[in-house]
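Please find the sequence and the predicted model below.
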Amino acid sequence: MKFYKSTMMPGEIRQTPGKDSMGMEMVPVYEDAGTQSSVISIDPVTTQNMGIRTGVVTKGPLRRIIRTVAAIDYDETSLADVTMKFRGWITKLNVNATGQLVHKGDPLFEIYSPELYSAQTEYLLALNNPSNASGGTETLKASALTKLKYFDVPDEQIAELEKTRQVTKTLRIDAPRDGIVVEKEAVEGQMVDAGMRLYRLADLSLVWVQAQVYEQDLAFIRPGQEAVVTLSYLPDRKFHGRVTYIYPTVDEKTRTLKCGWSFTTPATS
């Protein structure tokens, strides 16, 4: 027997064609007389026009893929600032460009400081005095050595001072770690104050990816979930990682929340 069924209201069935209560055309269906219960079958042409697809029910994990854009940023744990603990003047600049690659121990610049010059002189006076000339010689030596160390004078330069017994006018400042110069404030001839940031170094072998996740998708984000990054300039490569942190607040303008993970960057020549 032929019936007409509403596509919008599943319970609305009639024996004559027409429109349903929602104003939509009702589609023809047929009752399967071979079964005791009323089974409704839809005409194959109608099924095709409606785009209905069927499949076998199987057991498996439920997955939801969230696609979004992200920004690559420095790994904050690998940033290093180069500052001075005394006032001085930069006399020679070895690293003079942002983006330059440096390795730990590479000379960055040389600086002259009256405070540093005085500290070296005190240490040499303590070294040159015989140990039995005064009971406080060893104390003076230890105090002068501590002052040099507090000024971040490297052990190699202190050993050179002990060997030559000559006060050097300038101190060479070396890179504290491998990295790329991402900020440079140092200029040759510049006077610098204690605490002034002269360089900022970042290790770009490991970077952070910060993705913007919309508010309606936040319930599906958890730390430890797999994340895949693709880059426009490397379309044939994918970088895999896992969500490591989720920011606790939502941006009030975009209604997005930042979550991120880290991955190792491809090697460059």
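That came in fine, so what should we check first?

Beta-bridge partners for the residue nearest to the spatial centre of the chain, please?
For the chain, the residue nearest the mean C-alpha position is Trp208 (1.9 Å; Cα atoms, centre = their mean). With DSSP bridges applied, Trp208 shows beta-bridge pairing to Asp73, Ser262.

Now do the contacts for it.
The neighbourhood of Trp208, defined by Cβ atoms under 8 Å, 6 or more residues apart in numbering, consists of Ile72, Asp73, Tyr74, Asp75, Glu76, Gly260, Trp261, Ser262. For the C-beta atoms, the positions are set from N, CA and C on the backbone; glycine is no exception.

all helices for the stretch 1-150 of the chain, in order.
Along the stretch 1-150 of the chain, counting by DSSP state H, counting those that start in this stretch, helices occupy 44-50, 114-128, 137-150.

Deepest in the core, which of the ones you listed is it.
Greatest average neighbour count among the helices of the stretch 1-150 of the chain goes to helix 114-128 (a mean of 17), per mean count of other Cβ atoms under 10 Å.

what's in contact with it?
The contact list for helix 114-128 (Cβ under 8 Å, 6+ apart) reads 86-88, 137, 140-141, 143-145, 147-148, 151, 153, 158, 161-162, 165, 167-169, 171.

Show me the shaky parts of the stretch 1-150 of the chain.
Scanning the stretch 1-150 of the chain for pLDDT under 70 picks out 1, 10, 30-41, 130-136.

Strands along that one, start to end?
2-5, 13-14, 27-31, 40-42, 70-74, 80-83, 88-93, 101-102, 107-112 (DSSP state E, counting those that start in this stretch).
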